[in-house]
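# have a look at this fold, sequence not included:
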């Protein structure tokens, strides 16, 4: 059967793919010249100065002189030319004498003099003139020093006898390096641009234009940021994956988690059938790949209950899986063997994350414990708080972020080991409860640990509550650069919502929201994706996969193909035109920018629990004591008959107990 083009819901129109409108309209005159309009007239002299500077930079001295003569505009005044020449020539006394002619503000003069004398001091040290360098500090640097710390740092350099040590400690490359040119650049912030034009101003403006076009390109999915200046940059919708490349039907039940390896070469999947599969993802990037070719590498079996989470080790050699059988298992990717079983948790394990060293793992469960353990199974630290729903560790090992059943996002400082925290105490006992208001009415408060007068401020250095939400938090994703976290919220009154937090700044606020997907009952996961992680990808209870633009929050696509709830998604970190989605329909779909033929398969028929939902009925649901899972009971006759009648299935259907991570209303 030939793969059909997917049903794509897209916000926007054709203008996104075409060239952007020009703010500056140019009109051709009868004499062949071009009228630059009011913008050009207002900035004519500035444009000429930028052109003159560019000609100077490119070495076109004769053209520069001709343009100055014809336009009557000078690149820079005589005083500025003398000022630059004196700096580049190291004539420091003359540089100081010229300062009053540059119209520098009174408050800025001290800073300018300090930068100039600092360069003079370092050059004296480089030349071995220590006595003169000390005199420079005493009579010139000290009177204009704006802070004692900078002055003390400079005086400490007098003891450096080795020039390499001097260069390293001062972060200075010497008189013959770029230091004098850098000094001129540093002085730009104190001298008006009307007098001293910023270095390489045209190149700076052109680079800004490129970055602006990339930022406003909704479908930019490439790491290439340097493109032609001769036309506006645009990417078409075809740059974003939107076609099913292949459908994986290895699971016999619901798929709860998918994840690509860090290299992008492998895809791991896990689900309710207690198994995990590892596939060769590089095969799907091959244009000659045929869907009949199975890229299955490993089948990991051993868990006694559903597998709800998995994580790749930093070097992709190991895989940790978390199961509702209350255990974590570590598997060898190459052999498929279980190399370690961690059984300290007493309730279902919800999430795990690797430390960047690849030798330690943190795992969280519904028993309220977070354990840090090594690859021998030895516990290196633990903490008891609320039930953790998801957990992640930054790539620089500086922080660990969790979301829990108390609807809190907590940022841990990993410089304070978990085993140093008191055990069996409520989390709120160690958090400063000073609140910060958010500008979003549907957000809760944020708690801070910066109040030194609070009795718990000492412990707040170990971890802080980033945010207290009003809705259940179901999944967490940390950006590669460690600057942002992506959190899924389950909102029973309306469609789901994903919030983007910038965790570098305070107060912690939601910097973007993504709405459109459906999340009311189940755990739906989202992730960053694409080149530079410019997209946000999410599953949905309406059986679709949603693609959003990270910076604008705009919904780009709603992709159909699955026949039941889409629980999990993952974007390939290296092959940017590929992502995967896992669903309750028992399949994993791999999406790329090009479709492929798919053979018809009888497995397309919905499973029994899917049939019950599509029939308009629902499985009996009862909340577990953990208040984090909803456990379904075996379906009885009416449900079975209604499902069979609705789907016109002429063969017996098998029913089992539904055990699925679910949000309790």
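That came in fine, so what should we check first? Nothing here was measured: the structure is a model prediction, and the numbers come from that model.

# for residue 390, which non-adjacent residue is spatially closest?
residue 476 (3.9 Å; C-beta to C-beta, 6 or more residues apart in numbering). Every C-beta, even on glycine, is put in place using the N, C-alpha and C of the backbone.

# buried ones in the helix or strand where residue 209 lies?
Using DSSP states H and E, residue 209 sits in helix 201-215. Buried residues in helix 201-215, counted by 16 or more other C-beta atoms under 10 Å: 201-202, 210, 213-214.

# average model confidence for it?
Per-residue pLDDT over helix 201-215 has a mean of 89.

# please apply the same query to stretch 568-587.
Throughout stretch 568-587, pLDDT has a mean value of 95.

# quick check: buried residues in it?
568-573, 575-587.

# what ranges do the strands span in the stretch 101-250 of the chain?
243-248 (DSSP state E, counting those that start in this stretch).

# what residue ranges in this structure score low on pLDDT?
The model of the chain has pLDDT under 70 over residues 1-37, 292-294, 418-464, 492-496, 506-508, 596-665.

# for it, what's the longest helix?
Identified as the longest helix of the chain according to DSSP state H is helix 106-126.

# how about the contacts made by the residue nearest the centre of the chain?
The centre of the chain sits closest to residue 479, judged by C-alpha atoms, centre = their mean, with a distance of 2.9 Å. Residues near residue 479 by C-beta atoms under 8 Å, 6 or more residues apart in numbering: 485-486, 528, 533.

# what about the residue nearest to residue 390, neighbour count?
22 (other C-beta atoms under 10 Å).

# ok, it to residue 522 distance?
16 Å (C-beta to C-beta, to the nearest Å).

# and the helices in the stretch 451-600 of the chain?
For the stretch 451-600 of the chain, applying DSSP state H, counting those that start in this stretch gives helices covering 457-460.

# for the nearest residue to residue 365 once chain neighbours are set aside, which three-state class applies?
Of all residues beyond its chain neighbours, the one nearest residue 365 is residue 345 (4.0 Å), with distances taken as C-beta to C-beta, 6+ apart. Secondary structure state of residue 345, per DSSP: H, G, I helix; E, B strand; the rest coil, is coil.

# can you report phi and psi for residue 345?
Backbone torsions for residue 345, taken as degrees, to the nearest 10, come to phi -70, psi 150.

# report the buried residues of stretch 345-363.
Neighbour-count burial for stretch 345-363 [16+ other C-beta under 10 Å]: 345, 347-355, 360-363.

# for the helix holding residue 209, give me every contacting residue.
In contact with helix 201-215 (C-beta under 8 Å, 6+ apart) are residues 20, 50-51, 53-54, 57, 198, 220, 225-227, 229, 232-234, 551.

# most surrounded residue in those residues?
residue 220 (23 neighbours).

# how much space between residue 227 and residue 591?
In terms of C-beta to C-beta, residue 227 sits 26 Å off from residue 591.

# from residue 335, how far off is residue 486?
For residue 486, the distance to residue 335 - C-beta to C-beta - is 34 Å.

# so between these two, which is more surrounded?
Comparing residue 486 with residue 335 by neighbour count (other C-beta under 10 Å), the higher total belongs to residue 486, at 24 against 9.

# excluding its backbone neighbours, what's nearest that one?
residue 477 (4.2 Å).

# report the contact partners of the one you found.
By C-beta under 8 Å, 6+ apart, the neighbours of residue 477 are 392, 485-487, 525-528.

# and which of these is nearest residue 103?
residue 485 (47.4 Å; C-beta to C-beta).

# residue 142 and residue 151 touch, don't they?
Yes: Residue 142 lies in contact with residue 151 (C-beta atoms under 8 Å); the separation is 6.5 Å.

# what about the strands in the stretch 251-400 of the chain?
Counting by DSSP E, counting those that start in this stretch, the strands of the stretch 251-400 of the chain are 255-260, 266-271, 275-280, 296-301, 307-312, 318-323, 328-332, 338-342, 349-354, 360-365, 369-374, 379-384, 388-393, 399-404.

# would you mind confirming that residue 396 makes contact with residue 482?
Yes: counting by C-beta under 8 Å, residue 396 touches residue 482, with 6.3 Å between them.

# quick one, which of those two is more surrounded?
residue 482 (17 against 10).

# list the contacts for the more buried one?
Residue 482 touches 394-396, 398-399, 503, counting by C-beta under 8 Å, 6+ apart.

# which of those residues tops the neighbour count?
That'd be residue 394 among the contacts of residue 482, by other C-beta under 10 Å, with 22 neighbours.

# list the contacts of it.
400-401, 478, 482 are the contacts of residue 394 under C-beta under 8 Å, 6+ apart.

# let me have these in TSV, extended by distance to residue 249.
Formatted as TSV, the contacts of residue 394 follow (distance: C-beta to C-beta, whole Å):
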residue	distance to residue 249
400	36
401	35
478	31
482	37
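
# ok so, going back, tell me what the longest helix of the chain is packed against?
On a contact count with 3 or more C-beta pairs under 8 Å, 6 or more residues apart in numbering; DSSP states H and E, helix 106-126 meets helix 92-98, helix 130-136, helix 142-144, helix 148-155, helix 163-170, helix 179-187.

# now those as a markdown table including mean neighbour count?
Below are those laid out as a markdown table (neighbours: other C-beta atoms under 10 Å):
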| stretch | mean neighbour count |
| --- | --- |
| helix 92-98 | 16 |
| helix 130-136 | 16 |
| helix 142-144 | 14 |
| helix 148-155 | 14 |
| helix 163-170 | 14 |
| helix 179-187 | 16 |
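
# looking at the buried residues of stretch 568-587, which are in strands?
Among the buried residues of stretch 568-587, the members found in strands (DSSP state E) are 568-571, 578-583.

# and the helix or strand in which residue 86 is found, what's buried?
Applying DSSP H and E as the criterion places residue 86 in helix 78-89. Residues 79-80, 82-84, 86-87 are the ones in helix 78-89 that count as buried (16+ other C-beta under 10 Å).

# which two among the residues you listed are spaced furthest apart?
Across the buried residues of helix 78-89, no pair lies farther apart than 79 and 87, at 12.7 Å, counting by C-beta to C-beta.

# could you check how far residue 236 is from residue 213?
Using C-beta to C-beta, we find residue 236 at a distance of 14 Å from residue 213.

# same check on residue 171?
If you go by C-beta to C-beta, the gap between residue 171 and residue 213 works out to 34 Å.

# cool, and residue 536?
21 Å.

# coming back round to it: just the closest of the contacts of residue 482 to residue 129, please.
Relative to residue 129, and with distances defined as C-beta to C-beta, the nearest of the contacts of residue 482 is residue 396, at 42.1 Å.

# ok, back up a step: can you lay out the buried residues of helix 78-89 as TSV showing distance to residue 134?
TSV is the format used below for the buried residues of helix 78-89 (distance: C-beta to C-beta, whole Å):
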residue	distance to residue 134
79	32
80	32
82	30
83	27
84	29
86	24
87	23
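
# quick check: residue 200 vs residue 181, distance?
For residue 200, the distance to residue 181 - C-beta to C-beta - is 11 Å.

# wait, residue 208
Going from residue 208 to residue 181 by C-beta to C-beta gives 21 Å.

# now swap in residue 117 and tell me
Taking C-beta to C-beta, one finds residue 117 at 18 Å from residue 181.

# for residue 339, grab the count of nearby residues.
Residue 339: 11 neighbours (other C-beta under 10 Å).

# so it is in contact with residue 330, correct?
Yes: between residue 339 and residue 330 there is a contact at 5.3 Å, judged by C-beta under 8 Å.

# anything in contact with each of those two?
Each of 318, 375 lies in contact with both residue 339 and residue 330 under the rule C-beta under 8 Å, 6+ apart.

# and the helix holding residue 209, how far out from the chain middle?
For helix 201-215, the separation from the chain centroid amounts to 22 Å (computed by C-alpha atoms, centre = their mean, to the nearest Å).

# ok, back up a step: closest one of the ones in strands among the buried residues of stretch 568-587 to residue 269?
Using C-beta to C-beta, these come closest to residue 269 at residue 582, 6.1 Å.

# that closest one: what's it in contact with?
With C-beta under 8 Å, 6+ apart, residue 582 has these contacts: 255-258, 269, 271, 539, 566-569, 588.
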